[in-house]
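Novice: Output the structure for:
(2 chains)
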Amino acid sequence: MDKLAVLTAFLHSIVVYNIPLLYGTVGEITVEKSGSLNLGVEGIMAVGAIFGYICGCYANSLLVGILAAFAAGVLCGALFAVLTVSLQANQNITGLTLTTFGLGLYFFVGNSLKATGWPVMGNYSNIMKGFSDLSIPLLSEIPLVGKGLFSHNILVYLGIAIAVGMWWYLNKTSPGLRLRAVGENPASADSVGINVKRSKYLHICLGCGIMGIGGYYMGLNLGGSFNSHCWINGYGWIAVALVIFANWNPALAILGTFVFGFFNTLQVSGSSLAGAFPGALGWLADIPAQLYQALPFLITAIVLVVTSIRNKRGSSGLPASLGLNYFREDR
Amino acid sequence: MRIHIVKRENCSLLQKCGLYVGAVLIALVLGGVLLLSIGVDPIAYYTEMFTMGTIGNRIAYKTFMNYLKDFVPLVLTSVALSLAFKMRFWNIGGEGQFIMGAIATAWVAIKLGGVLPTAVVLILMCLAAMVAAGLYGLLVAALKVKFGTNETLLTLMLNYVALYVLTYLLETKAAWNFFLEPTALRPVPQSFDNVVSFPSIPLGGKFALNICVILALAVGALIYVYLKYTKQGYEIAVVGDSAGTARYAGMKVNRIVLRTVFLSACLVGLAAAFKVGTVGTISTTITNDVGWTGIIVAWLSQLNTGVIFVVSALICVLHTGSVEAAASFSRVDSSFANMLQGVILFLILAADFFIRFRVVITKKGDRNHG
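Specialist: Next up, the predicted model:
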């Protein structure tokens, strides 16, 4: 393979394999901006993945799959919201339980279906067609980066659009502004007439729905082959980390996805890069894969510590009431 | 008509038990409906699961010994985590601390096993695990105390850092890597169960009680006394109620946080030492998710040490039972236990609401509420 093609393939892989992270991250930012820390991302993505995949295949339609994944995510979000917003349950515990439950449900549904007949993705022409790459005219013809960045399946474009849209929503619209007020100080928001409960419910459900689509994407990416490893494989946790790295900003989340994705993909493509450029990149072959796997978490840990040392409350996007429940009668 | 939610202080023990038992029963019914939907008889399945397949089983003692092997790490981790939770320090890092403890245990066992007397090696294994895990936890507590770093997120990240350190050690074949079997061509973790392992006490028949079970019970009793009857235990309770009050009362809050988190992580390390010391090897799945399950157990037990023992025992039945039952019910995956555990906790969390709050319905114009 010629050297440029290796680079193009590398760029292409960074985008294809890591956009699910963007869905998880943007979803979690939406939830956290309402002041709720949801540690159930991994489980919600798994639930979205399995229901999206099954419904999509049975209907032989990518759109149905996306909607089903979104709906499954919304239901998980509703469960989280009922427990933490209405019933004042602890957010950490509820989120972690949602992960346990979601992964349990994923394997339960998947394995029982496998016993009777697993839908194979290749048999559903509309799904295959819907998930194939769409080249953006002109842009995709740029040498080197064109095929790498501008020729992808529809879910990649949708993910970027959701991230940009969420950035716009949070920063430029009044419901977005109100949401941030709820996340910073629900009592003040309540006192100026914002419906705190409704805002929390709405955004928790919306955010979890977005995560669900991300899970579905992961399933499609793996060709829908169901085995003992969950499709999500820790991406939900990386998304929780990425929220911090992106400083709770959906636009920065796109950048963060590519930074984390770069390391993620090096783990897979490192050897082919080392082969194509033995002089400059030969050392890549010697780096253990586990270092790449640990990097997202290590970087996030460092970011967490550094931001807390600098402690500039004004510049951090961390919602002030994150993790605390709001009980109206406590005002 | 308006609905008010009012805090309440006095919920009788009977009411509490009723609500919790109700929550568990509803969860079991929901699980049963799910089983019916895939064509499995729920009664038969639950019978098999809750007896862990021991009825009419000639090797039932083996099942029970395996059960205890899972029970010991879980109960110790849950007790350990409850210490930190009592102070509202969100130690989600049980997994990471467990892994650090496991690595330290294996290190001592491989290097000193056979060199020093077994009893000495076992004690050193425990100490090494406690120090390694304790320091891993203390690091977070120090950052939290000094800079206010969010401990929930930081411990979460460190779990994965620890996991990949362990994966690296177990998958890298090299001359320096003594964690692997030197003679094997592929990376195989070294096993040392015939060199050092925690002894078992034969109790008639083929059943032998591992000493770790007794030690775990003893540690649990000590922690119970520590929390209930010592000055330090009282300090933990006060800090958990309100750090401001504790400071006002002249307590050194930072020191209490550091000490308690260190102790919490140490005990997680001890759980790891018991686990590694009984199975005699390490693997990437050595934690068996106790760091996660422990959080759920501690919370289900309302951080009450005695209750933690009961709840851990029941959760272990769920897990061991579902694995045993998967053998006879091929259509039900053993992940059913995780799902059921999730549903139970969701309902317990909902039941908690009715214990902490009262729902008051007032009619329009009625000023005499709450």
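
Novice: Going along the chain, name the strands of chain B.
Specialist: Applying DSSP state E to chain B gives strands spanning B:2-7, B:200-202, B:208-210, B:357-362.

Novice: Could you identify which of those strands is most buried?
Specialist: When the strands of chain B are scored by mean count of other C-beta atoms under 10 Å in any protein chain shown, the highest mean neighbour count falls to strand B:208-210 (a mean of 16). (Each C-beta comes from the backbone N, C-alpha and C, glycine too.)

Novice: re earlier: could you point out which of the strands of chain B sits nearest A:L139?
Specialist: strand B:2-7 (54.9 Å; C-beta to C-beta).

Novice: OK, contacts around the residue in the stretch 251-370 of chain B positioned nearest to chain A?
Specialist: Closest residue of the stretch 251-370 of chain B to chain A, C-beta to the nearest C-beta: B:G342 (2.6 Å). By C-beta atoms under 8 Å, 6 or more residues apart in numbering or on different chains, the contact set of B:G342 is A:T97, A:L98, A:T100, A:F101, A:G102, A:G104, A:L105.

Novice: go again using 10 Å as the cut-off
Specialist: Contacts of B:G342 were listed using C-beta atoms under 10 Å, 6 or more residues apart in numbering or on different chains, and they are A:40, A:43, A:79, A:96-105, B:27, B:296.

Novice: do the same with B:L227
Specialist: For B:L227, the contact set (C-beta under 10 Å, 6+ apart) comprises B:V79, B:S82, B:L83, B:K86, B:G233, B:Y234, B:I236, B:A237, B:L303, B:N304, B:T305.

Novice: Output the strands of chain B as TSV; include the columns distance to chain A.
Specialist: Shown next, in TSV, are these (distance: least, C-beta to the nearest C-beta, whole Å):
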stretch	distance to chain A
strand B:2-7	7
strand B:200-202	32
strand B:208-210	27
strand B:357-362	7
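
Novice: any chance of the ones you listed in a markdown table, plus mean pLDDT and distance to B:L135?
Specialist: Listed next are those as a markdown table, based on pLDDT from 0 to 100; distance: least, C-beta to C-beta, whole Å:
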| stretch | mean pLDDT | distance to B:L135 |
| --- | --- | --- |
| strand B:2-7 | 77 | 40 |
| strand B:200-202 | 86 | 31 |
| strand B:208-210 | 87 | 27 |
| strand B:357-362 | 80 | 41 |
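
Novice: For the stretch 51-200 of chain A, give the residue positioned nearest to chain B.
Specialist: A:F101 (2.6 Å).

Novice: Mind pulling up the pLDDT for B:L112?
Specialist: Looking at B:L112, its pLDDT reads 91.

Novice: Name the nearest residue to residue 143, sequence neighbours excluded.
Specialist: Assuming you mean chain A. Closest residue to A:P143 apart from its sequence neighbours, by C-beta to C-beta, 6 or more residues apart in numbering or on different chains: A:L4 at 7.3 Å.

Novice: switch to chain B, that's the one I care about
Specialist: That would be B:T149: by C-beta to C-beta, 6+ apart, it lies 4.2 Å from B:L143.

Novice: Now for that neighbour: which residues touch it?
Specialist: B:T149 touches A:A301, A:L304, A:V305, A:V306, A:T307, A:S308, A:I309, A:N311, B:V140, B:A141, B:A142, B:L143, counting by C-beta under 10 Å, 6+ apart.

Novice: Tell me the residues of the stretch 101-250 of chain B that contact chain A?
Specialist: Within reach of chain A by C-beta under 10 Å from any C-beta of the partner chain, the stretch 101-250 of chain B has these residues: B:139-140, B:143-144, B:146-172.

Novice: quick one, what contacts the residue nearest in space to the middle of chain B?
Specialist: In chain B, the residue lying closest to the centroid (C-alpha atoms, centre = their mean) is B:G294, at 2.4 Å. Neighbouring residues of B:G294 by C-beta under 10 Å, 6+ apart: B:73-82, B:91, B:94-95, B:98, B:268, B:271, B:287, B:308, B:312, B:315.

Novice: Sort out which of these are buried, if you could.
Specialist: Neighbour-count burial (16 or more other C-beta atoms under 10 Å in any protein chain shown) applied to the contacts of B:G294 gives B:73-82, B:91, B:94-95, B:98, B:268, B:271, B:287, B:308, B:312, B:315.

Novice: ok, A:L83 to B:G220 distance?
Specialist: According to C-beta to C-beta, to the nearest Å, A:L83 and B:G220 sit 29 Å apart.

Novice: the more surrounded of those two?
Specialist: A:L83 (25 against 20; other C-beta atoms under 10 Å in any protein chain shown).

Novice: ranges for the strands of the stretch 201-331 of chain A?
Specialist: With DSSP state E, counting those that start in this stretch, there are no strands along the stretch 201-331 of chain A.

Novice: for chain B, what are the nearby residues on it?
Specialist: A:230, A:234, A:237-238, A:240-241, A:243-244, A:288-311, A:318, A:322-323, A:327-330.

Novice: repeat that with 7 Å
Specialist: Proximity of the stretch 201-331 of chain A to chain B, by C-beta under 7 Å from any C-beta of the partner chain, involves residues A:237, A:240-241, A:244, A:288, A:290, A:293-294, A:297-298, A:300-301, A:304-305, A:308-309, A:311, A:323, A:329.

Novice: Just these: which are in helices?
Specialist: Those of those mapping onto helices are A:237, A:240-241, A:244, A:290, A:293-294, A:297-298, A:300-301, A:304-305, A:308-309, per DSSP state H.

Novice: Widest-spaced pair of those residues?
Specialist: The most distant members of these, if one measures by C-beta to C-beta, are A:Q290 and A:I309, lying 27.6 Å apart.

Novice: Who has more neighbours out of those two?
Specialist: Set side by side, A:Q290 and A:I309 show more neighbours around A:Q290, with 19 against 12, by other C-beta under 10 Å.

Novice: sorry, back to before: which of the ones in helices among the residues of the stretch 201-331 of chain A next to chain B sits closest to A:G209?
Specialist: For those, the minimum distance to A:G209 (C-beta to C-beta) is 17.2 Å, reached by A:V240.

Novice: For the lowest-mean-pLDDT helix or strand in chain A, list every residue counted as buried.
Specialist: The least trusted helix or strand in chain A, going by mean pLDDT, DSSP states H and E, turns out to be helix A:278-281, with a mean of 76. Neighbour-count burial for helix A:278-281, counted by 16+ other C-beta under 10 Å, picks out A:L281.

Novice: Tell me the helices and strands packed up against that helix.
Specialist: Helices and strands in packing contact with helix A:278-281 are not found; criterion 3 or more C-beta pairs under 7 Å, 6 or more residues apart in numbering or on different chains; DSSP states H and E.

Novice: quick one: contacts of it?
Specialist: For helix A:278-281, contacts defined as C-beta atoms under 7 Å, 6 or more residues apart in numbering or on different chains pick out A:L273, A:A274.

Novice: same deal with stretch B:17-26?
Specialist: For stretch B:17-26, the external contacting residues (C-beta under 7 Å, 6+ apart) are B:I344, B:L347, B:I348, B:A351, B:F354, B:I355.

Novice: Tell me how far the fourth one lies from B:C17.
Specialist: In other words, B:A351. B:A351 is 11 Å from B:C17, where distance means C-beta to C-beta.

Novice: go on, the last one?
Specialist: Distance, B:I355 to B:C17, by C-beta to C-beta: 10 Å.

Novice: more crowded one of the two?
Specialist: Between B:I355 and B:C17, counting by other C-beta under 10 Å, B:I355 is the more crowded of the two (15 against 10).
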